[in-house]
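Student: coordinates only, sequence not included:
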DNA sequence: TTAAATTGCGCAATCGATTGTGCAAATCTA
DNA sequence: TAGATTTGCACAATCGATTGCGCAATTTAA
């Protein structure tokens, strides 16, 4: 059913029908009697305007592109959920793209979304390059989780420096001196900030350079697994591992289990990212908890500010440390 | 940049430009020389046709609506990933809706997607009602995971009956007679079929009615937690619990831990759904593994068959049982 | 050499909405 | 009662593509 057919049914012009249904009856002096009749019949026949035609005419799609590196990572799945909910409540729908941590897919996704004239973009970018953003995107854009230096895209992220600093300080307080850190994608902002926090905490406690291992290549369980295996083969094994995301932590646990070592007796473990099941793991896994709801909601709010032409500021939200049995106190006292 | 501006640049009509760029040059006898020039300039100025206008004209959006009850459930997150990948490879994008297991949100989502003229729908429905599907949807539709009796919507799901039968038989083989089953949303097809498999396995092994507990209300961890708490207070505690999805299983573990009971010494546990971290839990959790990739890919393939007007058949994919330490052998032999 | 066939491309309608403007009819003003 | 206002609604353009049809110009056929 088109508005034309509806108008025919009503024996009036599409103009009038459109004006009533978009709530502009008064503005254009449509009589209340006519308006009533239009609304009545429209709802009786379940008329719903063709959004494609509407979008074309209004140059606005009420659609937001959401680009995510890996939706099967629960961190991003949670994010997607919060974002979708926030956008839907405000009348927008979500076109979802999973980039599988592949920059060329990310670039392609952006092109596809722009051609579809989304009103705005929420991107958790791979994070290593951003020329494809800089050059093409001329619509409101908010970066989530990972951001870029030396540019002025708005972003919403956790205070990764602080989270890593806290986690590392916690390990040190438990007597650990020889700490390994398994990182994710090296050149992404969360990774760089977490590493920075890690190193700063070590520096602040005068722990020597020799006792720091930083290794790893990406945010996958495989990376956690392989990196841990190589750590366990070292002459002097670290007494604690700091895994920079939940998947790395799982891979690390798996490697430690396979080596028939025990957490935390033989080696302590702490993770960035908290998951519901962490307390059920063997042993319960300590973690830096990111404020997931806050990130999603803030990102949506920031995007709407941009859409409304307001000035926006980026946000760094505060993480919290959850202490569980996976870290052993080995201090001599 | 619109096609009109591009045509002006080229000093020819939009007709010609459009025909070249849509690959209809030969068909409409555009000379190769002209075609060359069009393609050259088009790519130089990075022309990308406005998809909204295109969609309107072609009555086709190359967009699929994906409706999911809860994307933060890893089962659905994995599904979303596979589906998104499959669709993108075939030139479609995904409009994502999370219904939060709320039928009215599901209904609304369908209306929104239809108004946006998606070409097809992939729905993992709440599963308890389907009038809103029957009455409104006149485009290709494939149900995922949950389906309905007495109608002919195509669906793709796991053979839930078989999975539950296998899991229950496994428990029985380990000597368990007194088995509780914590179910999910009662009137959904996976739940009904899993319950059917559970009961059939008990029947086939002549286990009396008194020794069966079926309880629970939905697919949440909270349900698993509360249901397990009530189970543990019974005079005769079951020796094993069969949790009908991954979140219920986690809730059950939490309740058992809190009661200071041990798995599997005090009580055995097995879950429907497998997750990467199940082997890392305390103890490693036995599970029925659903073929996630298969479900996603089959659903996409089925949808495309429908889009191409082919006859389709629904699919039930075979699950597999993963035996781990969470089930104890208590047989007397 | 002329009619027929082919080549090459553009006009204008179309998809389904929204909206600036205009034009009667009804009402008001003096 | 004539002119000025106001009321109520419709015409037609527009958004940016695609496409049936038609019309020259060129080539081929006889």
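Tutor: Ah, there it is. Predicted model only: the values in this text are computed from it and were never measured. Numbering: from 1, shown residues only, chains lettered A, B, ... in the order given.
Student: downstream of the strand or helix carrying residue A:143, the next helix or strand is which one?
Tutor: In the assignment (DSSP states H and E), residue A:143 maps to strand A:141-144. Next helix or strand after strand A:141-144 toward the C-terminus (DSSP H and E): strand A:154-158.
Student: quickly list what the nearest residue to residue A:268 once chain neighbours are set aside is bridged to.
Tutor: Among residues not flanking residue A:268 along the chain, residue A:240 sits closest, at 3.9 Å (Cβ to Cβ, 6 or more residues apart in numbering or on different chains). Bear in mind the C-beta positions are built from the backbone N, C-alpha and C, glycine included. Note on residue A:240: beta-bridge partners by DSSP bridges are residue A:179, residue A:268.
Student: residue A:240: neighbour count?
Tutor: Neighbour count for residue A:240, taken as other Cβ atoms under 10 Å in any protein chain shown: 27.
Student: how about residue A:5?
Tutor: Residues within reach of residue A:5, counting by other Cβ under 10 Å, total 12.
Student: what does the helix or strand bottoming out on mean pLDDT in chain A contact?
Tutor: When the helices and strands of chain A are scored by mean pLDDT, DSSP states H and E, helix A:131-136 comes last with a mean of 83. Helix A:131-136 is touched from outside by A:103, A:106-107, A:110-111, A:114, A:123, A:125, A:141, A:151, A:153, with contacts defined as Cβ atoms under 8 Å, 6 or more residues apart in numbering or on different chains.
Student: 6 Å instead?
Tutor: Outside of helix A:131-136, the residues within contact range by Cβ atoms under 6 Å, 6 or more residues apart in numbering or on different chains are residue A:107.
Student: what do you get for stretch A:312-321?
Tutor: Stretch A:312-321 is contacted by residues A:154-159, A:163, A:166, A:288-291, A:294, A:298, A:302, A:305-306 when judged by Cβ under 6 Å, 6+ apart.
Student: please apply the same query to stretch A:181-194.
Tutor: When contacts are defined by Cβ under 6 Å, 6+ apart, stretch A:181-194 is touched by residues A:127-128, A:146-147, A:160-161, A:164, A:198, A:214, A:216, A:218-219, A:224, A:227, A:242-245, A:248.
Student: could you redo the last one with a cut-off of 7 Å?
Tutor: Applying Cβ atoms under 7 Å, 6 or more residues apart in numbering or on different chains, the external contacts of stretch A:181-194 come out as A:127-128, A:145-148, A:157, A:160-161, A:163-164, A:195, A:198, A:213-219, A:224, A:227-228, A:241-245, A:248, A:252, A:272.
Student: and for stretch A:230-239?
Tutor: With Cβ under 7 Å, 6+ apart, stretch A:230-239 has contacts from A:176, A:178-180, A:213, A:241, A:255, A:259, A:267-268, A:330.
Student: and the end-to-end length of that stretch?
Tutor: Its first and final residues considered, stretch A:230-239 spans 14 Å by Cα to Cα, to the nearest Å.
Student: average pLDDT for it?
Tutor: On average, the pLDDT along stretch A:230-239 is 93.
Student: then stretch A:297-305?
Tutor: Computed over stretch A:297-305, the mean pLDDT rounds to 98.
Student: over to stretch A:120-127?
Tutor: Confidence for stretch A:120-127, expressed as mean pLDDT, is 95.
Student: do it and chain B meet?
Tutor: No: Stretch A:120-127 lies out of reach of chain B by Cβ under 7 Å from any Cβ of the partner chain, never closer than 12.1 Å.
Student: again with stretch A:324-333
Tutor: No: Stretch A:324-333 stays out of contact with chain B when judged by Cβ under 7 Å from any Cβ, the minimum separation being 10.0 Å.
Student: which positions within that stretch qualify as buried?
Tutor: A:324, A:326-328 (16 or more other Cβ atoms under 10 Å in any protein chain shown).
Student: ok, stretch A:15-24 next?
Tutor: The neighbour-count check on stretch A:15-24 (16+ other Cβ under 10 Å) flags A:16-21 as buried.
Student: and which of these is nearest to chain B?
Tutor: residue A:21 (12.7 Å; Cβ to the nearest Cβ).
Student: measure that closest one to DNA strand C for me?
Tutor: Residue A:21 is 6 Å from DNA strand C, where distance means Cβ to the nearest atom of the strand, to the nearest Å.
Student: hmm, that residue is touching residue A:40, no?
Tutor: No: in this structure, residue A:21 is not within contact of residue A:40 by Cβ atoms under 7 Å, at 11.7 Å.
Student: which stretches of the stretch 51-200 of chain A form helices?
Tutor: With DSSP state H, counting those that start in this stretch as the criterion, the stretch 51-200 of chain A has helices at A:51-58, A:74-89, A:103-115, A:131-136, A:160-173, A:189-204.
Student: quickly, which of those helices bottoms out on average pLDDT?
Tutor: Mean pLDDT is lowest for helix A:131-136 among those, at a mean of 83.
Student: which of the contacts of stretch A:181-194 are buried?
Tutor: Buried members of the contacts of stretch A:181-194, scored by 16+ other Cβ under 10 Å, are A:127-128, A:145-148, A:157, A:160-161, A:163-164, A:195, A:198, A:213-214, A:216, A:218-219, A:224, A:227-228, A:241-245, A:248, A:252, A:272.
Student: quick check: residues of chain A near DNA strand D?
Tutor: With Cβ under 7 Å from any atom of the strand as the criterion, chain A meets DNA strand D at residues A:11-16, A:28-31, A:33-34, A:53, A:56-57, A:59.
Student: give me the buried subset of those residues.
Tutor: For the residues of chain A next to DNA strand D, a burial check counting by 16+ other Cβ under 10 Å picks out A:12, A:16, A:30, A:34, A:53, A:56.
Student: now do the contacts for the second one.
Tutor: Listed by Cβ under 7 Å, 6+ apart, the contact partners of residue A:16 are A:30, A:34.
Student: tell me the pLDDT at it?
Tutor: On the pLDDT scale, residue A:16 is placed at 97.
Student: mind checking the SS state of it?
Tutor: With DSSP: H, G, I helix; E, B strand; the rest coil as the basis, residue A:16 sits in helix.
Student: what does the fourth one give?
Tutor: With three-state DSSP as the basis, the three-state label of residue A:34 is helix.
Student: and for the one 3 residues further on?
Tutor: Here residue A:37 is recorded as helix under three-state DSSP.
Student: make a PyMOL selection of the buried ones in the contacts of stretch A:230-239.
Tutor: Of the contacts of stretch A:230-239, the buried ones go into a single PyMOL selection, burial set by 16+ other Cβ under 10 Å:
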select buried, chain A and resi 176+178+179+180+213+241+255+259+267+268
